[in-house]
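Undergrad: Fold the following, please.
(2 chains)
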Amino acid sequence: MRHVQNLSRRAFIVGSAAIAGGIAFGSYACAEHVDLTANGNPLAARLGPNSVSFNPWVEISPEKITLIAQHADIGQGVGSVQPIMIAEEMDLDPGQFEIRFAAPHPAYFNTGFADELAPFVAADQSAAAEEARAAMLEALRKSGLQMTGGSSTIPDSYEKLRVAGAVARETLKAAAAKRSGVAVADIRTQSGQAILPDGTKIPYVELAAEAATIPPVLDAKPRDPSKWRLLGKPMERLDIRPKAMGELKFGIDLKMEGMLFAAVKLNPNKGQPMKSYDASKAHSMPGVKNIVEIKNGVAVVATNSWYAMKAAEAIDCKWAPSTYPAEQADHWKILETSFKPKFLGKEWKKTGDIDAGLNGGTQIKAEYRAPYVAHQPLEPLNGIGIVSDAGMEIWVSHQSPQAVQSIAAAAIGLKPEQVTFHNQWAGGSFGHRLEFENVRVLAEIADQMRGTPIKLVFSREEDFVQDIPRQIALARYRGSVKKGKIVAADLQLASTAPFKGLLERMGAPTNDPDGQLAACLWNVCYDIPNFRATSYEAQGLSPCTTWRSVGASTAGFFTESFIDELIHAANLDPLKARIEMCAVPTYRKVLETVAEMSDWKGPLGKGKGRGVAFVESFGTPTAEVVEVTMTERGIRIDKVWVAVDVGKVVDPVNFQSQVQGGVIWGLGHAINCELTYAKGAVQQTNYNHHEAMRLYQCPEIEVRGLENDPKVRGVGEPPVPPAAPALANAIFAATGKRIREMPFNKFIDFV
Amino acid sequence: MIELTVNGIKRRVDVVPEMPLLWVLRDELGITSPKYGCGVAQCGACTVHVGGKAVRSCQSHIGEVAGKSVVTIEGLGNKDQHPVVQAWIEHQVPQCGYCQTGQIMQAISLLELIPKPTDEEINQVMSGNLCRCGTYPRIRAAIHAAATKMAGK
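TA: Predicted structure coming up:
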């Protein structure tokens, strides 16, 4: 096998460091400042002869230019937009460079989490808020946490990748100046070449050796967006062509010499071990090479993935029971009894006098529910691993490279730096590839098959059963209206804690309240004089994790549906009232835009209805209007209008795709998806039980991107949370029926 | 040994006749464009053409495919010139892309059957192909565009 590279050489310190904002996570780097010049550049250590790297994102050899995509590509376009941000500044054209995913290294820490983790709502641009965000950025730098998530691809890389490209460009120009004796100011760059005043063109690759001998021009500035050639304009995403031709290799498509295939049967009582198993039938099945016991189940190694899956099905296992309630009804009972001081997460916001406010008007109370749901990207969990005496090499798509190293290492008694990780193109994730079921299991299997490359593929059924779901949540809301105004809202919810759960499984447990349960609870932008937002963290339920838009996916539905109830109780127009109540000018503009796009004029009548919802999540304000018709066969979704403010639309075609995809994700799961437990296992094991949206239900979706926000924001998740409440509000407008629980198809039919 | 024709080439595989075509293509023959998504004909990511018709390769036992002609997207020949593939590129349909070869093989079959499909006909034929990223609006647009391209030929 290939030499296991000592990539990180830094201690993985398990434990937690409490930092501003009440979020803590393990440190993936030593505590010193990560230096982004020579010593802090992971590319520098592995450069070939006559090659140069100016920073962790650009590498030039005499043969080729390689740009590093720092984040994981989970379908959101990282593998295109991140290299393009560098190429824009370097004056490279598509096709003139190769793309490689980043190896684990603290130099790739995610700066984009600073705003989400600092204890201020996004709309707060005060000096105190900015100071806290700056402190959070330093904490992230120290942690070295390299993670894809939180709609941070663009916020993390917008500045730093353009700077990385500018540094490369200016240093290459300096090298060309040194060679030619021409002043740097007289040299320009175009299509991967430095061009001298006499028209002489020097390709960058020919300058690599000389550029390596001069100090990088670190004060290079990125260009003003008005000068952009590629960014901000419709362009073909770099991965579109290979994907449309079936040529792109996903992790599941890789092949190694001498590789065998593995399938698993794992305890459906999540996190619990296997008691015993009987594999006598499986041993003699076709293609079976070996059957190995692992911590929470058993694996079959065979000559073909199908043989392995078939044999795994034939194994009879005895499982240890679940630590959470075996039956779903008891999960809801625990939530119902979690509104107690003992389970308090945090009182996130309190303004005015909530009791006086509630008693001073007509009071409205409502209870809302959101079930567990699965991620289920279409590419099932998989991975290839080889274990030797030197360590493990692993090929898998994952959003947390350093955590892959530590989880795999811990499973088989290695040090994290003995695990070499190669990130892969992913067939979707939606948060699934932040968890580790495939990583740990693959390490255990490959360790028992040393020297043989093992390709593990989860069957769809196994993937469903092991999927660590979206949080389950229950909201108890009270509000009051008086003289045509909302005068009070008391928002309380009990939920499992998704981000806290993820951190715990990453080896960085925390006792701080889960900030994701504040999403769409404390950052309600309406001017309501008496307001309180409180989260309770239910204990003893199923493990839960981040699912596209995380906390906002459930609280967005609760809060924006309840606000709608209050607005109707006050006899106001749902959209006009939101515009009038909106306390943030740029957010008000988003609502006004969606009103203009949809030509909102109030009730439609004739079985038609429109609903609106507005949610700011991950800093990105998003307003959606959904129009439905009540037909004889049920509710038909006719059209959706979406306005989103991201500060700067960097990749307009992909922006539209992300927004449309987010709306479809939000609508589809709200209509017909839930996971329920029985005998400790989820009952939904394939897409026929958990279908989300198919083409026939998909409405037309009109999208407009705004650029008024002072910061550059992400858009992978923010279109999700408003979709469910906008649909529920539209159904109310069309039928008078208020749906307060997902999935909606339990209460009304859909076409 | 079971013999079949894949993308015009005769291939022989030594597997049990119950093995679905999908795993013969992927694990035995190294043809990876058909994808494993669900294994129970619920997602369409494994769609290929057998005897000129779109089928779910996860449900076609190799014993029944023996002697027949199988075409995957690799077998379209000059595939970037194929009007459906072209439409998929021009409309930038893929996000993660995992379902897209199945979507394209199904769309080609649809357009052979109905050269100028309505939205309703597209819904009927394409709703068996799941896309978790939500590329449906672009799939619809690309099929209409491909129909126009093909009518112009």
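
Undergrad: Can you tell me which helices and strands the longest helix belonging to chain A packs against?
TA: Criterion DSSP state H: the longest helix present in chain A is helix A:153-180. Secondary-structure packing of helix A:153-180 (3 or more C-beta pairs under 8 Å, 6 or more residues apart in numbering or on different chains; DSSP states H and E): strand A:52-55, strand A:58-60, helix A:78-90, strand A:188-190, strand A:193-195, strand A:201-203, helix A:204-211. Yep, even glycine has a C-beta here, placed from its N, CA and C like the rest.

Undergrad: out of these, which comes closest to A:Ile252?
TA: Across these, the minimum distance to A:Ile252, taken as C-beta to C-beta, is reached by helix A:78-90, at 16.5 Å.

Undergrad: In its sheet, which strands sit next to the following helix or strand past that closest one, and in what direction?
TA: Next along the chain after helix A:78-90, taking DSSP states H and E as the criterion, comes strand A:98-101. Using DSSP bridges, the strands paired with strand A:98-101 are strand A:65-69 (parallel).

Undergrad: which residues in the stretch 651-751 of chain A form helices?
TA: Assigned by DSSP state H, counting those that start in this stretch, the stretch 651-751 of chain A shows helices spanning A:652-672, A:723-735.

Undergrad: Now do the last one against helix A:652-672, angle only.
TA: Put simply, helix A:723-735 runs at 60 degrees to helix A:652-672, going by axes from the mean of the first three to the mean of the last three C-alpha atoms, to 10 degrees.

Undergrad: Need the three-state assignment for A:Ala643.
TA: At A:Ala643 the chain is in strand, as set by DSSP: H, G, I helix; E, B strand; the rest coil.

Undergrad: what sits opposite it in the beta ladder?
TA: A:Ala623, A:Arg704.

Undergrad: Contact partners for it?
TA: The contact partners of A:Ala643, by C-beta atoms under 8 Å, 6 or more residues apart in numbering or on different chains, come to A:590-591, A:593-594, A:597, A:622-624, A:704, A:706.

Undergrad: switch the cut-off to 10 Å
TA: Taking C-beta atoms under 10 Å, 6 or more residues apart in numbering or on different chains, we find A:Ala643 in contact with A:589-598, A:614, A:621-625, A:659, A:702-706.

Undergrad: same question, B:Ala145
TA: Counting by C-beta under 10 Å, 6+ apart, B:Ala145 makes contact with B:83-84, B:86-88, B:90-91.

Undergrad: Kindly indicate the member of those residues with the most neighbours.
TA: With neighbours defined as other C-beta atoms under 10 Å in any protein chain shown, the most crowded of those is B:Trp88; it has 30 neighbours.

Undergrad: right, and that one touches B:Pro94 too?
TA: Yes: at 7.3 Å, B:Trp88 counts as touching B:Pro94 under the criterion of C-beta atoms under 10 Å.

Undergrad: where do the contact lists of the two overlap?
TA: Residues touching both B:Trp88 and B:Pro94 by C-beta under 10 Å, 6+ apart: A:240-241, A:243-244, B:100-101, B:103-104, B:135, B:138-139.

Undergrad: Show me those residues that map onto helices.
TA: Among those, DSSP H puts A:240-241, A:243-244, B:100-101, B:103-104, B:138-139 in helices.

Undergrad: who touches the nearest residue to A:Leu474 once chain neighbours are set aside in this structure?
TA: By the measure of C-beta to C-beta, 6 or more residues apart in numbering or on different chains, the closest residue to A:Leu474 outside its immediate chain neighbours is A:Leu335, 4.2 Å from it. For A:Leu335, the contacting residues are A:343, A:369, A:472-475, A:493-496, A:536, A:538, A:541, by C-beta under 10 Å, 6+ apart.

Undergrad: what's the farthest-apart pair in the residues you listed?
TA: Greatest spatial distance in these: A:Phe343 and A:Arg369, 17.2 Å, computed using C-beta to C-beta.

Undergrad: ok, back up a step: among the helices and strands packed on helix A:153-180, which is nearest B:Val70?
TA: Comparison of these against B:Val70 by C-beta to C-beta identifies helix A:78-90 as nearest, at 30.3 Å.

Undergrad: The closest one to helix A:153-180, inter-axis angle?
TA: Using the same axes, to 10 degrees: helix A:78-90 against helix A:153-180 is 40 degrees.

Undergrad: could you say what helices and strands helix A:78-90 packs with?
TA: strand A:58-60, strand A:65-69, strand A:98-101, helix A:153-180, helix A:652-672 (3 or more C-beta pairs under 10 Å, 6 or more residues apart in numbering or on different chains; DSSP states H and E).

Undergrad: packing partners for the shortest one?
TA: This points to strand A:58-60. With contacts defined as 3+ C-beta pairs under 10 Å, 6+ apart, the packing partners of strand A:58-60 are strand A:52-55, strand A:65-69, helix A:78-90, helix A:153-180, helix A:204-211.

Undergrad: okay if I get the ones you listed as JSON lines plus mean neighbour count, distance to A:Asn523 and mean pLDDT?
TA: Shown next, in JSON lines, are the helices and strands packed on strand A:58-60 (neighbours: other C-beta atoms under 10 Å in any protein chain shown; distance: least, C-beta to C-beta, whole Å; pLDDT from 0 to 100):
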{"stretch": "strand A:52-55", "mean neighbour count": "26", "distance to A:Asn523": "35", "mean pLDDT": "96"}
{"stretch": "strand A:65-69", "mean neighbour count": "23", "distance to A:Asn523": "31", "mean pLDDT": "98"}
{"stretch": "helix A:78-90", "mean neighbour count": "25", "distance to A:Asn523": "26", "mean pLDDT": "98"}
{"stretch": "helix A:153-180", "mean neighbour count": "24", "distance to A:Asn523": "17", "mean pLDDT": "97"}
{"stretch": "helix A:204-211", "mean neighbour count": "21", "distance to A:Asn523": "45", "mean pLDDT": "98"}
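
Undergrad: Would you map out the domains in chain A?
TA: As recorded under automatic domain parsing, the domains making up chain A are A:13-244, A:251-322+A:381-457, A:328-373+A:469-746.
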